[in-house]
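Asker: Below is the structure, and that's it, no one-letter string:
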């Protein structure tokens, strides 16, 4: 694996907080350059210029964090293109000012609070996908019966793996004996059918937004491919620098 490949693979850990999908899958990575000496320059793009600034900053900040964490990384530059707050966000990232340092009084909540909110939504959606799959596999099963399903009863597939990751992110136990249908604190629901309906609403919202954003991104950028530069194809700012 080349350093460019390693950097791109690291970016798969960065997710859109509302859509709960990696920026690499969503097409948000516009260009990635890695120099022989370990300098990295990443440009991100979003479906519209008015995407929520806090979401935009969170993704850009998380992208910088995973790239800086690479053992060989030296100087890392992450910039968000074509956003109405690009100048503010890019300046804050360059200065490592943090979310509140970047937006000042406009930052109504911390990034940690924002992340926690969307971790909970992601868990709810993942939980619903697993339980709905059980209903579809066994038409005789009732919604009420889903309240007693344990993690060990779920099939060993991608949906279950995703749910286990979401539970781990919230600090919820992942033992086979644990109930699937729980809230973010691990509490079971008294009204199982209502809990399923609310979880389904959350999942549909996430899936619908993801589909909508992909369409907007394509409308905005067409078939413009992401640009990935191998170590020998340097941007002018790096040529001859090391």
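Answerer: Yep, it's here. Keep in mind that this is a model prediction, so the values were computed, not measured.

Asker: Please name every helix or strand in contact with the host helix or strand of residue 7.
Answerer: Residue 7 is located in helix 3-11, with elements delineated by DSSP states H and E. If you count contacts as 3 or more C-beta pairs under 8 Å, 6 or more residues apart in numbering; DSSP states H and E, helix 3-11 packs onto helix 23-26, strand 29-34, strand 40-44, helix 53-68, strand 227-229. Where C-beta positions appear, they are placed from N, C-alpha and C, glycine not excepted.

Asker: Please spell out which residues along the longest helix seen in the chain are buried.
Answerer: Ranked by residue count under DSSP state H, the longest helix found in the chain is helix 192-221. Neighbour counts over helix 192-221 (16 or more other C-beta atoms under 10 Å) mark 192, 195-196, 199-200, 202-203, 206, 209-210, 213-214, 217, 221 as buried.

Asker: Give me the distance from that helix to the chain's centre.
Answerer: Centroid displacement of helix 192-221 relative to its chain, using C-alpha atoms, centre = their mean, to the nearest Å, is 14 Å.

Asker: want to try TSV for the helices and strands packed on helix 3-11, with mean neighbour count as columns?
Answerer: Listed next are those as TSV, based on neighbours: other C-beta atoms under 10 Å:
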stretch	mean neighbour count
helix 23-26	19
strand 29-34	22
strand 40-44	22
helix 53-68	20
strand 227-229	15
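
Asker: could I get those as a markdown table with mean pLDDT and distance to residue 181?
Answerer: Output for the helices and strands packed on helix 3-11, formatted as a markdown table (pLDDT from 0 to 100; distance: least, C-beta to C-beta, whole Å):
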| stretch | mean pLDDT | distance to residue 181 |
| --- | --- | --- |
| helix 23-26 | 93 | 27 |
| strand 29-34 | 94 | 35 |
| strand 40-44 | 96 | 36 |
| helix 53-68 | 94 | 28 |
| strand 227-229 | 62 | 42 |
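
Asker: now this structure, which segments are flagged as low pLDDT?
Answerer: 105-109, 226-242 (pLDDT under 70).

Asker: quick check: domain ranges of it?
Answerer: Taking the TED database as the criterion, the chain consists of the domains 3-108+215-233, 111-189.

Asker: Single out the most deeply packed of those.
Answerer: domain 3-108+215-233 (a mean of 17; mean count of other C-beta atoms under 10 Å).

Asker: Report the spatially closest residue to residue 155, excluding sequence-adjacent ones.
Answerer: Spatial nearest neighbour of residue 155, excluding adjacent residues (C-beta to C-beta, 6 or more residues apart in numbering): residue 133 at 7.8 Å.

Asker: these two touch, right, the one you found and residue 159?
Answerer: Yes: the criterion here is C-beta atoms under 8 Å, and residue 133 meets it with residue 159 at 5.9 Å.

Asker: doesn't residue 135 fall inside a helix?
Answerer: Yes: Residue 135: assigned to a helix according to DSSP: H, G, I helix; E, B strand; the rest coil.

Asker: Which stretch among the helices and strands packed on helix 3-11 approaches residue 150 most closely?
Answerer: helix 23-26 (30.0 Å; C-beta to C-beta).
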